[in-house]
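**Student:** Need a 3D model of the following:
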Amino acid sequence: MSRTTNIKRWLWVHRWTSLICTVFLLMLCLTGLPLIFGEEIDHWLSKDPPYETFPAGMPMANLDSMIHTAKQRYPAEVVSFVYVDDDEPQVRVTMLPGYGADLKLSHSLQFDARTAKLLKDEPPFSRQPRTFIGLMLSLHADLFMDLPGELFLGFMGLLFVLSIVSGVILYSPFMKKQDFGTIRKDRSRRLKWLDLHNLLGIVTLAWLLVVGITGIMNELSAPLFGLWQQTDVKAMLLKYKDQPVPAAGELSAAQAAYDTAKRALPGMTVTSVVFPGYKFGSPYHYLLWAKGNTPLTSRLFNPVLVDARTGKLAALVKMPWYLRSLEVSRPLHFGDYGGTPLKIIWLLFDLAAIVVLISGVYLWFVRRKSQEAYLLRIVSENIPS
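**Tutor:** Next up, the predicted model:
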């Protein structure tokens, strides 16, 4: 195969992978802009009153008292999980009409974590108005189509990565006669845009690859967690298969399970307690999720199983490599683990990516238009007047 033929093939790959995914990648870049500062925007748009002020270091109230309040308000429903916020002094108790009910019927009661005071009784998720950031996140993650949308965007991400790889291969032969960073301002507009497209593409190469690959990983989160549940979790619970599922009156205290997990993982923060019977937990255990306290480890979660009847530690679950990769990919994708400076860097890279995408479409359009003009000229020259 000649070098020219090889370049033509890579040029074909780069052109069509880019064109197919460009519209969707542009949408992802535009929706990703507000998501970089999602916490700040949510806080700015929130109409909730500020939390009461208490002395620093005030301990968290007993989880069981909040759960008791929730059950009193909804005696016919079950608690699915409890979320303990480590950023704000709040605890959310989430409930369902039954463990087999549609998850869209879930609703939460928000408590002050220090006083166990009920702050808000929210309607089911299906009836809650979408916030601006919630709208952007749904569009960014799955195009409002749940798993089919996630898989489709994952495929678009794969095409995007192929377009980046092919662009890198083409960069050298197309730019070898030019100094790095050259933009030929004295030539045609198309050449100026081509130089800008190539320059921004190669400068943002590492970031584009990181965001593209981690984006693919994020879109595969549902299948990967499903795989984990059907393999490792299923094998781990096999020894309990002959045991009856504990009834509601047989459950040990959720606060005791929370304390057990904290003792089992010192130096980590327990953020949620999943109740026995919930779809994403165990029929026989409290499933607790704990995370580290550094910028990176705060995105790495460790599951803990606590016996639902006795409240004793049952297992410290080791996460498989593919879920660890998924956990690492999330902060790398959104750039939300390094504070405001890193978010600003992510914002600038995102804007550069938007220019790369728009310039690529422009170059294809101008090239096609020039080809059509050339063909029309040839035809007109060969038609007798």
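
**Student:** Run through the strands of the stretch 51-200 of the chain in chain order.
**Tutor:** 78-84, 90-96, 107-112, 118-121 (DSSP state E, counting those that start in this stretch).

**Student:** I'd like those laid out as a markdown table, including mean neighbour count.
**Tutor:** Placement of C-beta: from N, CA and C, glycine included. Listed next are the strands of the stretch 51-200 of the chain as a markdown table, based on neighbours: other C-beta atoms under 10 Å:
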| stretch | mean neighbour count |
| --- | --- |
| strand 78-84 | 21 |
| strand 90-96 | 22 |
| strand 107-112 | 22 |
| strand 118-121 | 14 |
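
**Student:** is it possible to export those to a markdown table including distance to residue 134 and mean pLDDT?
**Tutor:** Shown next, in a markdown table, are the strands of the stretch 51-200 of the chain (distance: least, C-beta to C-beta, whole Å; pLDDT from 0 to 100):
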| stretch | distance to residue 134 | mean pLDDT |
| --- | --- | --- |
| strand 78-84 | 16 | 97 |
| strand 90-96 | 15 | 97 |
| strand 107-112 | 14 | 97 |
| strand 118-121 | 16 | 96 |
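
**Student:** pLDDT (mean, whole number) over stretch 339-352?
**Tutor:** Averaging pLDDT along stretch 339-352 yields 93.

**Student:** And stretch 261-277, by the same measure?
**Tutor:** Averaged over stretch 261-277, pLDDT sits at 95.

**Student:** Now tell me what touches it from outside.
**Tutor:** Stretch 261-277 is touched from outside by 63, 78-86, 99, 245-246, 251, 254, 257-258, 280-293, 298, 301-302, 304, 306, 308, 313, 316, with contacts defined as C-beta atoms under 8 Å, 6 or more residues apart in numbering.

**Student:** Can you say which of these are buried?
**Tutor:** 63, 78-84, 246, 251, 254, 257-258, 281-292, 298, 301-302, 304, 306, 308 (16 or more other C-beta atoms under 10 Å).

**Student:** Restricted to strands, list those.
**Tutor:** The strands, defined by DSSP state E, take in 78-84, 285-291, 301-302, 304, 306 from the buried ones among the contacts of stretch 261-277.

**Student:** before we move on, back to that, format the strands of the stretch 51-200 of the chain as TSV; extra columns: distance to residue 52.
**Tutor:** Output for those, formatted as TSV (distance: least, C-beta to C-beta, whole Å):
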stretch	distance to residue 52
strand 78-84	18
strand 90-96	12
strand 107-112	7
strand 118-121	10
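
**Student:** Out of those, which is closest to residue 196?
**Tutor:** strand 78-84 (46.0 Å; C-beta to C-beta).

**Student:** With only the CA atoms kept, save the closest one in PDB.
**Tutor:** Coordinates of the C-alpha atoms in strand 78-84 are reproduced here as PDB (Å, rounded to 0.1, in the frame of the first residue of the first chain):
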ATOM      1  CA  VAL A  78     -40.800   1.600  52.400                       C
ATOM      2  CA  VAL A  79     -37.400   3.300  52.800                       C
ATOM      3  CA  SER A  80     -35.200   2.600  49.900                       C
ATOM      4  CA  PHE A  81     -32.100   4.400  50.900                       C
ATOM      5  CA  VAL A  82     -30.700   7.300  53.000                       C
ATOM      6  CA  TYR A  83     -28.300   9.800  51.600                       C
ATOM      7  CA  VAL A  84     -26.000  11.700  54.000                       C
END
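
**Student:** What pairs with that strand, parallel or antiparallel?
**Tutor:** strand 90-96 (antiparallel), strand 269-274 (antiparallel) (DSSP bridges).

**Student:** Switch these over to CSV; also include distance to residue 13.
**Tutor:** Shown next, in CSV, are these (distance: least, C-beta to C-beta, whole Å):
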stretch, distance to residue 13
strand 90-96, 47
strand 269-274, 44
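
**Student:** These: which one's closest to residue 71?
**Tutor:** Of all the strands paired with strand 78-84, strand 90-96 sits nearest to residue 71, with 8.4 Å by C-beta to C-beta.

**Student:** How far away from the center of its chain is the closest one?
**Tutor:** 22 Å (C-alpha atoms, centre = their mean, to the nearest Å).

**Student:** ditto for stretch 145-153
**Tutor:** Per C-alpha atoms, centre = their mean, the centroid offset for stretch 145-153 relative to its chain is 13 Å.

**Student:** between the strands paired with strand 78-84, which gets nearest to residue 32?
**Tutor:** Nearest to residue 32, of these and by C-beta to C-beta, is strand 269-274 at 24.8 Å.

**Student:** can you pull the buried residues of the closest one?
**Tutor:** Result for strand 269-274 [16+ other C-beta under 10 Å]: buried residues 270, 271, 272, 273, 274.

**Student:** circling back to that earlier point, wait, which of the strands paired with strand 78-84 is closest to residue 117?
**Tutor:** Taking C-beta to C-beta, strand 90-96 is the member of the strands paired with strand 78-84 nearest to residue 117, at 10.5 Å.

**Student:** So, low pLDDT: which residues of the chain?
**Tutor:** Along the chain, segments meeting pLDDT under 70 span 1-2, 174-187, 368-385.

**Student:** Could you chop it up by domain?
**Tutor:** For the chain, automatic domain parsing gives the domain ranges 3-40+135-217+338-382, 60-114+220-334.
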